[in-house]
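> let me see the structure of the following:
(chains A and B)
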Number of protein chains: 2
Amino acid sequence: MQTTSNQQLIKVEEGSIVSPLGFSATGLHTKVKRKRNDLGLIYCDVPAEAAAVYTLNQIIAAPLTVTKESIGYEGKLQAVVINSGNANACTGKQGFLDAMAMRDAVANIFSINNHYVAVASTGVIGEKMPMEKIIPGIDNLDPQKTIQGAENFNEAILTTDTCSKTTCYETVIDGVKITMGGSAKGSGMIAPNMATMLGFITTDANIPHVHLQAALKEVTNKTFNRITVDGDTSTNDMVIVMASGLANNSSLTPEHPEWDKFLHILNQVCQDLAIMIARDGEGATKLIEVNVVGALNDDEAGKIAKTVVGSDLVKTMIYGADPNWGRLMMAVGRSGMTINPLTIDIKIGPHQLLMNSEPVNYEEAVLSNYLTHSEVDIHINLNIGTGIGKAWGCDLTYDYVRINASYRT
Amino acid sequence: MQTTSNQQLIKVEEGSIVSPLGFSATGLHTKVKRKRNDLGLIYCDVPAEAAAVYTLNQIIAAPLTVTKESIGYEGKLQAVVINSGNANACTGKQGFLDAMAMRDAVANIFSINNHYVAVASTGVIGEKMPMEKIIPGIDNLDPQKTIQGAENFNEAILTTDTCSKTTCYETVIDGVKITMGGSAKGSGMIAPNMATMLGFITTDANIPHVHLQAALKEVTNKTFNRITVDGDTSTNDMVIVMASGLANNSSLTPEHPEWDKFLHILNQVCQDLAIMIARDGEGATKLIEVNVVGALNDDEAGKIAKTVVGSDLVKTMIYGADPNWGRLMMAVGRSGMTINPLTIDIKIGPHQLLMNSEPVNYEEAVLSNYLTHSEVDIHINLNIGTGIGKAWGCDLTYDYVRINASYRT
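This is a model prediction of the structure:
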């Protein structure tokens, strides 16, 4: 266990979504995908308070509609089922019936109300769900064997991801230990809001649905909504949080003296997952972090950071380790936010390139060398206000094109 | 000469920017670029009525500031000088002085008012202008030898373009022949409004500055603003139109009975150039045209078309000839425009894929084969209104990444 810069938060190195009290998870292979697990399940011993945020794409995949309806019932979830390999999006009425059938099958296995079940899917769009594989898969989810650790689950939710993404933290609220774990998948279609990303967060904190929902929304705007891989927005994006309440802290509300601590741990879990998604963007070789300061306000700073990190020309320049910083200025200028073209400072890593919008001398070889690192930081000071914001992304590479020119083959 | 579908417009196959009465042009090599011409000039025998549209990027290159000031003086231009290889953008105060010096040098050679001179630059951002090459280059522009045809000019304005882009049409207004020619460069940074694109249009029509400006703005929104290569917007975009008036038609205003004919020829010239730019996008192997009908209005239709044609996932799918049409739905859904998710029809070429948002059977092999063509048409009917719009783009390929990972080397 390692202490983070904030002493109130402790990273649980071996932790996962099954670390918080009450949660178990599993994953198995139904042969929708060739080799890797493709069906995952999270189960909670009690109906957990639930919250979720969804894609802003107007074309919404069937499982999201079903999940919204489930959470809308009582604000509670006890199980989440996820399949990968097929997104069940643009599948018409049959797709909706299929998502409902998945929900009912899970409710049946665990003998719970079907409104306590959420459904998520990720994979190719527009192909009929292989229900002949998925339903028997669900039937094989043995309630007695779900608590296998989260590895099988973490693998089951991946598509073109090259690695699973999980994180876990602890904090203390009301003198009791609160644990929060998260698991995510990402890869392509990761922007402008959320991603083809699925995020699943579990905690044993005691917090009612309505405040959990508000907290998730606030934190998503600074984490999952600040990453981009290719500027596309999936039909299937969703982040679900389940809070079992088994830690037995007094109920969390914005008036609770340690409310900020809860926001902090939720932000840390979401930020960890968001950065892991950006780093593992399709074909990516580098994580890019853009920090904007001196903007009109935090919102504008975040939007400028995201425009810069999302520019194909910036992304290819970093892939090529070519310090062609004019592209950073180009992206700042096209962000649509308030800037003064004459007062901009830019640093790449520790290397100052621009002061008050005038080029400063730098050693090209040193800068090129910095750009070969696996993490590249860009710092932009607009010098017009006090707004700050960050965004994360990745480089654009031959492999992005290769992966997406033949995704289905 | 070929007649277009509109019988009033005649394409001049060998025509160019020097076809309209009064115009000459040249280009030469100043060694800013290794081999190709890198300095171009358009000259008009008389001060021509002028109009221009500029990048919406807030970081504006110095030559645009100088050109705005020139046109602002009397609404007239007699010469335009363009250099390629260096964009003179993000070059601070010195960059502005350099652009002024280019203007003055041209005015001096031709003994004209320096406010009749426009300046344009394209190339790398953020590097000091090589004035020691450019000014002697301008001094070598022999006023007696400028009328060499447009080939040397057309080459001089290119950067990563693989071919020059020129077009020319004739029409008849007031019983006299009106000729209009255009030349453009494009390639990357081509969106969301205009491009790293420069467009130069000449005509011998008689039309005052103010109406020429209004016509250019109207036409740009349906042509140059409807193309995208990579979603980035250059600091240097500019389209300039010069009208010599030497055709001696009666002065064109929106009240003129043949005003629409003038709009039509201007639209055709701009659309030809825009499509040539999209087809020659960096690394492109295919031209993509997206047609949207049945939208709420024309503006929304155009924006949806541009979102679809600008999606990296759509672009890679077409590069890979993979009919993964779910990505088209994804892009429609993230456009932010009004849609009904249940009423969308989609065709790729002549092949229907979706009716009322439900997949229809199609032969994958036939569709894949269609996608190997050098021009791919996508038709989307939203079935909610009468709005129609088009946009053009290109596929995203390994070569786009290669070109932009090492642009300066």
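
> quick check: residues of the stretch 251-400 of chain A near chain B?
A:311-313, A:316-317, A:319-320, A:322, A:324-327, A:329-334, A:339, A:341, A:354, A:357-359, A:396-398, A:400 (Cβ under 8 Å from any Cβ of the partner chain). Quick note: C-beta positions are derived from backbone N, CA and C, even for glycine.

> buried among those residues? Need that as a selection in PyMOL.
Only the buried entries of those go into this PyMOL selection, using 16 or more other Cβ atoms under 10 Å in any protein chain shown:
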select buried, chain A and resi 311+312+313+316+317+319+320+322+324+325+326+327+329+330+331+332+333+334+339+354+357+359+396+397+398+400
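
> for the lengthiest strand in chain A, packing partners?
If each strand of chain A is counted by residues according to DSSP state E, the longest one is strand A:39-54. Here strand A:39-54 touches strand A:23-28, helix A:62-74, strand A:76-86, helix A:131-139, helix A:151-156, strand A:198-203, helix A:209-222, strand A:238-243, going by 3 or more Cβ pairs under 8 Å, 6 or more residues apart in numbering or on different chains; DSSP states H and E.

> repeat that with 7 Å
Judged by 3 or more Cβ pairs under 7 Å, 6 or more residues apart in numbering or on different chains; DSSP states H and E, strand A:39-54 is in contact with strand A:23-28, helix A:62-74, strand A:76-86, helix A:151-156, helix A:209-222, strand A:238-243.

> count the neighbours of the closest residue to residue A:349 other than its chain neighbours for me.
Leaving aside its sequence neighbours, residue A:349 sits nearest to residue A:370 (Cβ to Cβ, 6 or more residues apart in numbering or on different chains; 4.5 Å). By other Cβ atoms under 10 Å in any protein chain shown, the residues close to residue A:370 number 16.

> A helix includes residue A:370, no?
Yes: counting by DSSP: H, G, I helix; E, B strand; the rest coil, residue A:370 is found in a helix.

> for the helix or strand harbouring residue A:399, packing partners?
Taking DSSP states H and E as the criterion, the element that holds residue A:399 is helix A:398-405. Judged by 3+ Cβ pairs under 7 Å, 6+ apart, the packing partners of helix A:398-405 are helix B:312-319, helix B:398-405.

> just checking, residue A:311 touches residue A:333?
No: applying Cβ atoms under 7 Å, one finds residue A:311 not in contact with residue A:333, separated by 10.9 Å.

> helix, strand or coil for the residue of chain A most remote from its centre?
Distance from the C-alpha centroid of chain A, by Cα atoms, centre = their mean, peaks at residue A:361 (38.6 Å). For residue A:361, the assignment made with three-state DSSP gives coil.

> mind checking pLDDT for it?
You'll see residue A:361 listed with a pLDDT of 86.

> that one: what's it in contact with?
Under the criterion of Cβ atoms under 7 Å, 6 or more residues apart in numbering or on different chains, residue A:361 has no neighbours.

> would you say residue A:288 is within a strand?
Yes: counting by three-state DSSP, residue A:288 is part of a strand.

> contacting residues around it?
A:309, A:318, A:376, A:378, A:392, A:393, A:394, A:395.

> helices or strands up against the stretch of helix or strand the fifth one belongs to?
Just to be clear, that refers to residue A:392. Counting by DSSP H and E, the element that carries residue A:392 is strand A:387-394. Using 3+ Cβ pairs under 7 Å, 6+ apart, the elements in contact with strand A:387-394 are helix A:259-279, strand A:287-295, helix A:298-310.

> output the ones you listed in a markdown table; the columns should cover distance to residue A:71.
Putting these into a markdown table (distance: least, Cβ to Cβ, whole Å) gives the following:
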| stretch | distance to residue A:71 |
| --- | --- |
| helix A:259-279 | 17 |
| strand A:287-295 | 32 |
| helix A:298-310 | 27 |
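
> I'd like these laid out as CSV, including mean pLDDT.
Shown next, in CSV, are these (pLDDT from 0 to 100):
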stretch, mean pLDDT
helix A:259-279, 93
strand A:287-295, 96
helix A:298-310, 93
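
> isn't residue A:306 right up against residue A:227?
No: contact criterion Cβ under 7 Å: residue A:306 and residue A:227 do not qualify, at 8.2 Å.

> joint contacts of those two?
Residues touching both residue A:306 and residue A:227 (Cβ under 7 Å, 6+ apart): residue A:391.

> more neighbours, those two?
Between residue A:306 and residue A:227, counted using other Cβ under 10 Å, the more crowded position is residue A:227 (30 against 27).

> how far away is the more buried one from residue A:274?
Separation of residue A:227 from residue A:274 (Cβ to Cβ, to the nearest Å): 5 Å.

> and what of residue A:288?
13 Å.

> for the stretch 201-350 of chain A, which residue gets nearest to chain B?
residue A:326 (2.3 Å; Cβ to the nearest Cβ).

> for that residue, what are phi and psi?
Reported as degrees, to the nearest 10, the phi and psi values for residue A:326 are phi -60, psi -30.

> and what of residue A:344?
When read as degrees, to the nearest 10, the backbone of residue A:344 gives phi -90, psi 130.

> residues touching the closest residue to it other than its chain neighbours, list them.
The spatially closest residue to residue A:344, leaving aside those adjacent along the chain, is residue A:357, at 4.8 Å (Cβ to Cβ, 6+ apart). In this structure, residue A:357 makes contact with A:341, A:342, A:343, A:344, B:90, B:92, judged by Cβ under 7 Å, 6+ apart.

> what do you get for residue A:270?
A:219, A:220, A:223, A:224.

> what about burial for the residues you listed, which qualify?
A:219, A:220, A:223, A:224.

> wait, the last one touches residue A:239, no?
Yes: with contact defined as Cβ under 7 Å, residue A:224 reaches residue A:239; the gap is 6.2 Å.

> pull up the overlap in contacts between these two.
Residues touching both residue A:224 and residue A:239 (Cβ under 7 Å, 6+ apart) are residue A:199.
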